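Visitor: Would you be able to build a 3D model of this:
(chains A and B)
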Number of protein chains: 2
Amino acid sequence: MLSSKVIVALDAMGGDYAPASIIQGADLVLSEYKASNANIQVEFLIYGQRDLLAPLIDSFPVLKAHSRLIHCESVVGSNDKPSLALRSSKNTSMGMAIDAVKQREADAVVSAGNTGALMAISKVYLRTLPGIDRPAIIGLFPTIDGKVAMLDLGANAECQSDNLVQFAIMGDAFAKVLLNIANPKVGLLNIGSEDIKGNEVVKGAWSVLTNQIGINFTGYVEADDIPLGKVDVVVADGFTGNVAIKMAEGVGYLSRKLLEKSFKSSLMAKLGYLLAKRALKQTFSAIDGRNYNGAMLVGLNGIVVKSHGGADKIAFANAIKVAIELRLKDINQKIIQEVKHLQHTIKINSAL
Amino acid sequence: MLSSKVIVALDAMGGDYAPASIIQGADLVLSEYKASNANIQVEFLIYGQRDLLAPLIDSFPVLKAHSRLIHCESVVGSNDKPSLALRSSKNTSMGMAIDAVKQREADAVVSAGNTGALMAISKVYLRTLPGIDRPAIIGLFPTIDGKVAMLDLGANAECQSDNLVQFAIMGDAFAKVLLNIANPKVGLLNIGSEDIKGNEVVKGAWSVLTNQIGINFTGYVEADDIPLGKVDVVVADGFTGNVAIKMAEGVGYLSRKLLEKSFKSSLMAKLGYLLAKRALKQTFSAIDGRNYNGAMLVGLNGIVVKSHGGADKIAFANAIKVAIELRLKDINQKIIQEVKHLQHTIKINSAL
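Guide: So this is what the prediction gives:
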């Protein structure tokens, strides 16, 4: 195992509740690790405006003792175009936090800021891993009795078959690390499970993956099977993947609203709610979005984790923990090894 | 208004519960219209195997009086490839029922059979409407306080911008007819609401639609806004649209399962359920999938409605009612008019 000291660079200015949620989240991680006697030593590099951050950090003595504040002149706007954000990235909290990973001053970076900017800056600063043409965004989602990893969640609106094959490899490594599954079931998102269905891009990826040794590729998966946990990893282009998770979000919201409406609709229903409240909370805490916060920009020469922009301290703390775990289990080394293995078997296959 | 006599051709052999659900569903429609004193006279042409169907129809005297049974030698298999189903369609219940629309013996056809086969046979038998290159599948879905129409649900795994523009026109006409909205809000499904987001196909469609007079085009819509009812019509390619509705189905199922689990987890919760049961049923009946059964294969020279394969009699009856309403309000005439109008304004725009 690697050294259990991890240095995390934080973009303290990104997200709807920054900088408070960032600082509180970082402090929460330190106290949780302390409480659980985890043998992990975490240090933070906090990037942002000094006059805003210094007094805030002062109020968290433990965090103050385990962090260093680096002043940044400017901030990436939440609606800045990625190209603009990249050009002016040098003095921004996001750009400087990513640069800390490039300079190996930090082991990982976490930001709740502009996703497009984070991807653009990370690509240029960190470059992609050997054998990976395009990075993707990967995250975890709840299923009926576990979790599923899904990518690409929106980095690549248009993909080729090769990209999907590389996503499958990265998804496989990610699930091994974060889901602790030895041989994750990897499925390719399609609109039917028959071989003849789908567009040319998924069909092309299917034909490579189905002959691929070393990945437990289970073929096509349809979207309604994702929440049922039929596979551990779902591979899709960034357009489809993004639509799928946003649809899940929207339907989840609709279900909650209808439930609230039901429970408020009569005196009997209100009483029923009071009795069932505790059980409902327990069951639904399993799918609380905050426990799934933290998506990795996978395929880069460094660990970059994106937090939801609307993250509170609990959600942001989760994103930090994702970054730490990815580092401790050395996700990128696993990806590099799998890519090598894949290239090897593809060569063998084509030589046959 | 058109004559209120409608003749519906039924593929009595398609779907998981055929022929029982088809016959029972048809009888249900007749009794509902009678009970509501609707001034609509419905007649059925029932296509399928005589020895199976005749005794079944005998047990529904009202249906028997308003239907004619046409024997068919064969049946389209639920897993038949569309090309095969098309070649051998002549003597199948599906093929003959579609042919009845072609021959103008029936005003519409309803089938719960193989979707790919239904589309393939319908395209060849009925041809597309003038100005429509490719038919699509359109259906209604529940939102927080109403319904939304969405297309394409899976007929076209790959689309060009022109197809999406045509889908928008057809969706607009469909929402006018089935949702009774004078000026439906039409949105283009994308992964961001900014102009720069998305793939080339949606961007191309956006630039035509945004200059389009006569359609209330509201720009891009993200998937999480669909269940919130932000728009009345969602336009997508068939790959994305199919993934979106299947994801919604899967998350809906997950929510129900978690709810059941909560209510069973303790005595208090069980009691709570008993008290809230009636309110829950009332609220959730609004989103009962059976009330949304019946998707139109839109863009064809005839009305073709696809029922869910797993439809019971209530769901299948709903699909029949969709077909009748589309006929009474002359959906296809509306589409033809809108296409003409669009071609007119596109010419004017390009002449400017």
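Visitor: Could you pull out the helices in the stretch 201-350 of chain A for me?
Guide: Taking DSSP state H, counting those that start in this stretch to define them, one finds helices in the stretch 201-350 of chain A at A:238-264, A:267-285, A:313-328, A:331-351.
Visitor: Those into TSV, with extra columns for mean neighbour count?
Guide: C-beta: built from backbone N, CA, C; applies to glycine. Formatted as TSV, the helices of the stretch 201-350 of chain A follow (neighbours: other C-beta atoms under 10 Å in any protein chain shown):
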stretch	mean neighbour count
helix A:238-264	21
helix A:267-285	17
helix A:313-328	23
helix A:331-351	15
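Visitor: nearest to B:Tyr273, of those helices?
Guide: Smallest distance to B:Tyr273 across the helices of the stretch 201-350 of chain A (C-beta to C-beta): 6.2 Å, for helix A:267-285.
Visitor: Next, the angle helix A:238-264 makes with the closest one.
Guide: Here helix A:267-285 runs at an angle of 150 degrees relative to helix A:238-264 (axes from the mean of the first three to the mean of the last three C-alpha atoms, to 10 degrees).
Visitor: any chance of the helices of the stretch 201-350 of chain A in CSV, with distance to chain B and mean pLDDT too?
Guide: Converted to CSV, the helices of the stretch 201-350 of chain A look like this (distance: least, C-beta to the nearest C-beta, whole Å; pLDDT from 0 to 100):
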stretch, distance to chain B, mean pLDDT
helix A:238-264, 4, 92
helix A:267-285, 3, 88
helix A:313-328, 17, 96
helix A:331-351, 25, 77
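Visitor: ok, now which ones touch the most centrally placed residue in chain A?
Guide: Nearest residue to the geometric centre of chain A (C-alpha atoms, centre = their mean): A:Ala295, 1.0 Å. Shown in contact with A:Ala295 (C-beta atoms under 8 Å, 6 or more residues apart in numbering or on different chains): A:137-139, A:153, A:305-306.
Visitor: likewise A:Asp107?
Guide: Going by C-beta under 8 Å, 6+ apart, A:Asp107 touches A:6-8, A:101, A:303, A:327.
Visitor: Repeat that for A:Asp172.
Guide: Contacts here follow C-beta under 8 Å, 6+ apart; on that basis A:Asp172 touches A:184, A:186, A:215-216, A:233, A:338.
Visitor: Tell me the one among those nearest to chain B.
Guide: Nearest to chain B, judged by C-beta to the nearest C-beta, of the contacts of A:Asp172 is A:Val233 at 16.2 Å.
Visitor: The closest one: how many residues sit nearby?
Guide: As a burial measure, A:Val233 scores 30 neighbours (other C-beta atoms under 10 Å in any protein chain shown).
Visitor: shouldn't it be in contact with A:Val186?
Guide: Yes. Under the criterion of C-beta atoms under 8 Å, A:Val233 makes contact with A:Val186 at 4.4 Å.
Visitor: pLDDT of stretch A:51-61, averaged?
Guide: For stretch A:51-61, mean pLDDT rounds to 97.
Visitor: quick one: buried residues of it?
Guide: Of all the residues in stretch A:51-61, those buried under the rule 16 or more other C-beta atoms under 10 Å in any protein chain shown are A:53, A:56-57, A:60.
Visitor: Could you list the low-confidence segments of chain A?
Guide: Confidence mapping of chain A against pLDDT under 70 gives the ranges A:1-3, A:193-196, A:344-352.
Visitor: please redo it, this time with the cut-off set to 50
Guide: Of all residues in chain A, those with pLDDT under 50 make up the ranges A:1-2, A:351-352.
Visitor: before we move on, back to that, the contacts of A:Ala295 into JSON lines, with extra columns for neighbour count and distance to A:Ser36?
Guide: Output for those, formatted as JSON lines (neighbours: other C-beta atoms under 10 Å in any protein chain shown; distance: C-beta to C-beta, whole Å):
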{"residue": "A:Ile137", "neighbour count": "25", "distance to A:Ser36": "29"}
{"residue": "A:Ile138", "neighbour count": "28", "distance to A:Ser36": "26"}
{"residue": "A:Gly139", "neighbour count": "24", "distance to A:Ser36": "24"}
{"residue": "A:Leu153", "neighbour count": "23", "distance to A:Ser36": "29"}
{"residue": "A:Val305", "neighbour count": "27", "distance to A:Ser36": "20"}
{"residue": "A:Lys306", "neighbour count": "29", "distance to A:Ser36": "25"}
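Visitor: thinking again about what came up before, now tabulate the helices of the stretch 201-350 of chain A in TSV and tack on distance to A:Ala223.
Guide: Formatted as TSV, those follow (distance: least, C-beta to C-beta, whole Å):
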stretch	distance to A:Ala223
helix A:238-264	6
helix A:267-285	22
helix A:313-328	24
helix A:331-351	26
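Visitor: ok now do A:Lys277, which residues does it touch?
Guide: Contacts for A:Lys277 (C-beta under 8 Å, 6+ apart) come out as B:Gly272.
Visitor: switch to 7 Å and redo it
Guide: For A:Lys277, no contacting residues are found, by C-beta atoms under 7 Å, 6 or more residues apart in numbering or on different chains.
Visitor: quick one on the thing from earlier: what sits in contact with each of A:Val233 and A:Val186?
Guide: Jointly contacting A:Val233 and A:Val186 under the rule C-beta under 7 Å, 6+ apart are A:171-172.
Visitor: For the stretch 51-200 of chain A, what lies in contact range of chain B?
Guide: Contacts of the stretch 51-200 of chain A with chain B, taken as C-beta under 7 Å from any C-beta of the partner chain, map to A:81, A:144, A:154, A:157-158, A:189, A:191, A:196, A:198-199.
Visitor: A:Tyr47 in helix, strand or coil?
Guide: Secondary structure for A:Tyr47, judged by DSSP: H, G, I helix; E, B strand; the rest coil, is strand.
Visitor: Residues in a beta bridge with it, which ones?
Guide: Beta-bridge partners for A:Tyr47, by DSSP bridges, are A:Asp11, A:Ile70.
Visitor: how close does it get to chain B?
Guide: Per C-beta to the nearest C-beta, to the nearest Å, A:Tyr47 is found 26 Å from chain B.
Visitor: And A:Ala18, by the same measure?
Guide: The gap separating A:Ala18 from chain B is 21 Å, by C-beta to the nearest C-beta.
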